[in-house]
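Enquirer: predicted model, plus sequence, below.
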Amino acid sequence: MRITTQGEYGIRCMVCIAKRPADTPVSIQTITDEEALPKNYAEQLLLRLRRGGLIRSVRGAKGGYMLSRNSKLITLKEMLIALEGSVFEIACDRRESKGNIPCAHDHCCSLNPIWHAIRRQLSVFLDGISQFQLVEAESESEKAF
């Protein structure tokens, strides 16, 4: 598993939005200022999150971005899938989906079942972490300083 900067910063954008009251849109300017991101990059991340159904945009002078549902119902797994495309990509599966020739070890591979077991466990773990928990954890770490 590899979390890119796209995944990390996208999750930070989600935390930034989730820290506000549910009915208050957060402007792109607020997000870019708080997360020290270029506007174009933040727009790309927010577009992925919106397409993933995790946020919605509000137009107008007081517009911005809001969570699409309660932060307790949004999981870290959903965020990573929206931002990264998957939580744990297995090379064998990637080759098959692209129509490439299957791995030469496909019939006797001892690693493939292990990769699938890891993906299942990781999926369960990430599904158990909510957006709300991330906001709470950030709040607690801010109090420590």
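Expert: Sure, I can see it.

Enquirer: grab the longest helix from this structure for me.
Expert: helix 112-127 (DSSP state H).

Enquirer: list the buried ones in whichever helix or strand comes after that helix?
Expert: Going down the chain from helix 112-127, the next helix or strand is helix 131-143, by DSSP states H and E. Buried residues in helix 131-143, counting neighbours by 16 or more other Cβ atoms under 10 Å, are found at 131, 134-135. Just so you know, the C-beta spots here come from the backbone N, C-alpha and C atoms, and that holds for glycine as well.

Enquirer: buried residues in stretch 28-46?
Expert: Within stretch 28-46, judged by 16+ other Cβ under 10 Å, the buried ones are 28, 31-32, 35, 37, 41-42, 44-46.

Enquirer: would you map the helices across this protein?
Expert: 5-18, 28-35, 39-51, 76-84, 91-97, 112-127, 131-143.
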